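Visitor: Got a sequence here, can you model it:
(one chain, ligands or ions: 1)
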Amino acid sequence: MDFEFSDKSKRIQAQLKAFIAEHVAPRNAEYQRLVAQGVFPPPFLDDLKAKARAQGLWNLFLPGLKPDEPGTQMSNLDYAPCAEIMGRMLWSAEVLNCNAPDTGNMELLHLAANPQQRKQWLQPLLEGKIRSAFAMTEPDVASSDATNIRTSIRRDGKQWVINGRKWFITNAADPRCKIFIVMGQTSPDRAEAHRRQSMVLVPAGTRGLTVVRNLPVMNHIHVQGHCEVAFDDVRVPVDHLLGEEGGGFALAQARLGPGRIHHCMRSIGACELAVELMIARARSRKTFGAALAEHGTVREWIALSRIEIEQARLLVLKAAWLIDQGGAKAARREIALIKVAVPRMQVAVANRAIQVFGAAGLTQDTPLADIWSWGRALQIVDGPDEVHIRAIARGEIKAPEGAT
Ligand SMILES: Cc1cc2nc3c(=O)[nH]c(=O)nc-3n(C[C@H](O)[C@H](O)[C@H](O)COP(=O)(O)OP(=O)(O)OC[C@H]3O[C@@H](n4cnc5c(N)ncnc54)[C@H](O)[C@@H]3O)c2cc1C
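Guide: Numbers count the residues shown, from 1 in each chain. Predicted structure coming up:
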C-alpha cells in the first residue's frame, strides 16, 4: 500500500487551502447569516464557483472525469486530503462542485446515462449550473433494505407512470434542483427481489411531483432540504429510464460506494478542526489555578482524539487506495468499516471538544455543535451503521473457500 500523495494532489491541496482562506472563509459569517434567514443560494456563491473553476478547483471528486469535461481529474487517494480540507467548512464543497448528493448523482450519470441524458443532465451538473436529488428512501418501509422500496414505476405505452412517497430527499428544496433520480419497482412480481427496481429521471416541475415539506434534521432545517416528496401519477417518457430495466438495485449499490467515502474524508477534516479548537480553548481558559490544558482529563481527551483521527484517516486512505486499485467492489469491506468507524469518531471527538468549551460549545458561536450533530446524522445517512456491521460480520464469519 502506498499512501504518498502525487505531486498534483500536493499542488491542489496547497491551492485549495489558499483559495478557501482567501475567498471562502471571509464569506463564512455572511453565508451563515443569509442561510439562517432562508436566503439560498447566497448571491455571492456563483462568483465564488466561477473563481474556483477558473483555478481548476472543480469536480475534483470524479476519477473518471474525461478530458472534455470541466475540472481536474484526481484519483480517490489524491482527492482524500482535498475533501478533508473541505470538511473544515462544509459549504466550501459546493464552491468546488464537490458537494453531496450531486457528486453521487454525477457519478451515477457518468456510469449509466445515455448520450441524451448526459447532455441534458450530466453536463449542466458538471458545470455547476443545476442541482440534483436522489429519491430512494420511503416513509412507509424500512429503506435501509432497498428491496423494500415500494414506489411504483409502471409502463403505460410510451410513458412511465410513477406513484409513491419519498422522504429525506436532499436538495429537493433547492430552487436550482432540476432533476430527481427516482428509484422504484418496475417489475414487482419478478422472482429475484434485486431485479424488481429501476431508476428513472424525473425533471423538477413535472406534473404530480410535489415537495411536501423540508424535514428538520437534529432540529435543524438545512436550506437545500431533506424533503418529503410525493409522486402522484407522475408521467415521464420511457427514454427517461436510467440504465436498464431491473438494474436499479445494482445502480444504488454503485452510487453509494464513493459517496460514503467522501463523507468520511470530510469528517476527518471536521474532526481536525474540532481538535484545534479544543486545544486553543484548553490553553486559553483556567480553572482551579491551572489552564484546562493542564488538567489530566482534558489532556486525555486531546490524546484520544488524536489517536482516533489518525486511525480513521489511515482506514479512509486504505479504502480510497483500494477503490483506485480495483474499484468499489474491491474496497467493499473497507468502505463498510469506515462508514461505521468515522461517524462514531466524529461524534466522540466533537463531544469532547464541546465539553472543553462548556456552555459555549452548545451554541452556534463555534462549529462544534454542527460537527457533533452531523456526525450523528451520518450514522444513518447512506444506510445505518447496523447494515454495514451486518455486512462486515458476514464477511468475517463466512467459512473460507473449501473449508466445509
Ligand atoms: C440527513 C439525511 C439525508 C438523507 N438524504 C437522502 C437522500 O438524498 N435520498 C434518499 O433516498 N435517502 C436519504 N436519506 C435517508 C437514508 O438513506 C435512510 O434514512 C437510511 O438508509 C435508513 O433508512 P430508514 O430511515 O428507512 O431506516 P430503517 O430502514 O427503518 O431502519 C431503522 C433502524 O433499523 C436498524 N436496522 C436496520 N437493519 C438492521 C440490521 N440488519 N440489524 C440491526 N439493526 C438494523 C438500524 O438501527 C436502523 O437505523 C437521508 C437521511 C438523512 C438523515
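Visitor: going forward, measure contacts and count neighbours with C-alpha atoms only.
Guide: Noted.
Visitor: hang on, Asp385 packs against Val340?
Guide: Yes. With contact defined as Cα atoms under 8 Å, Asp385 reaches Val340; the gap is 5.4 Å.
Visitor: Show me the common contact partners of these two, please.
Guide: Gln379 (Cα atoms under 8 Å, 6 or more residues apart in numbering).
Visitor: neighbours around Arg33, how many?
Guide: Other residues lying near Arg33 total 12 when counted by other Cα atoms under 10 Å.
Visitor: cool, Gly128 as well?
Guide: 23.
Visitor: That one: what's it in contact with?
Guide: Counting by Cα under 8 Å, 6+ apart, Gly128 touches Asn97.
Visitor: Not counting residues beside it along the chain, what's closest to the closest residue to the ligand within the stretch 301-404 of the chain?
Guide: Nearest residue of the stretch 301-404 of the chain to the ligand: Gly383, at 3.7 Å (Cα to the nearest ligand atom). Among residues not flanking Gly383 along the chain, Ser144 sits closest, at 5.5 Å (Cα to Cα, 6 or more residues apart in numbering).
Visitor: On the three-state scheme, that neighbour is what?
Guide: Secondary structure assignment for Ser144 (DSSP: H, G, I helix; E, B strand; the rest coil): coil.
Visitor: ok, so what distance separates the residue of the stretch 301-404 of the chain closest to the ligand from Leu317?
Guide: Computed as Cα to Cα, to the nearest Å, the Gly383 to Leu317 distance reads 21 Å.
Visitor: Those two: which has the busier surroundings?
Guide: Per other Cα under 10 Å, whichever of Gly383 and Leu317 has more neighbours is Leu317, with 24 against 18.
Visitor: okay, now the nearest residue to that one once chain neighbours are set aside: neighbour count?
Guide: Counting by Cα to Cα, 6+ apart, Leu77 is the residue found nearest to Leu317 once chain neighbours are left out, at 6.2 Å. Neighbourhood size, Leu77 [other Cα under 10 Å]: 24.
Visitor: quick one: the helix or strand containing Leu77 to chain centroid distance?
Guide: Assessed by DSSP states H and E, Leu77 sits inside helix 76-87. Chain-centre distance of helix 76-87: 13 Å, with Cα atoms, centre = their mean, to the nearest Å.
Visitor: do the same with stretch 119-130
Guide: Relative to its parent chain, stretch 119-130 has a centroid offset of 18 Å by Cα atoms, centre = their mean.
Visitor: Can you check the distance spanned by it, start to finish?
Guide: Start-to-end, stretch 119-130 (Cα to Cα) is 13 Å.
Visitor: Any buried residues in it, and which?
Guide: If you call a residue buried by 16 or more other Cα atoms under 10 Å, then stretch 119-130 has these buried ones: Trp121, Leu122, Gln123, Leu125, Leu126, Glu127, Gly128, Ile130.
Visitor: now do stretch 155-168
Guide: For stretch 155-168, the neighbour count (16+ other Cα under 10 Å) marks Arg155, Gln159, Trp160, Val161, Ile162, Asn163, Gly164, Arg165, Lys166, Trp167, Phe168 as buried.
Visitor: what's next to it, contact-wise?
Guide: 135-139, 150-154, 186, 215, 225-238.
Visitor: Who are the packing partners of the helix or strand containing Pro258?
Guide: Counting by DSSP H and E, the element that carries Pro258 is helix 248-284. For helix 248-284, the packing partners by 3 or more Cα pairs under 8 Å, 6 or more residues apart in numbering; DSSP states H and E come out as helix 76-87, helix 102-112, strand 197-203, strand 290-291, helix 296-330, helix 332-357, helix 368-377.
Visitor: can you rerun that using 6 Å?
Guide: With contacts taken as 3 or more Cα pairs under 6 Å, 6 or more residues apart in numbering; DSSP states H and E, helix 248-284 sits against helix 76-87, helix 102-112, strand 197-203.
Visitor: in its sheet, what does the helix or strand that it is followed by sit against?
Guide: Going down the chain from helix 248-284, the next helix or strand is strand 286-287, by DSSP H and E. Applying DSSP bridges, strand 286-287 is found paired with strand 290-291 (antiparallel).
Visitor: chain center to the partner strand: distance?
Guide: 40 Å.
Visitor: And the protein, what are its domain boundaries?
Guide: Listed by automatic domain parsing, the domain ranges of the chain are 7-99, 131-242, 250-397.
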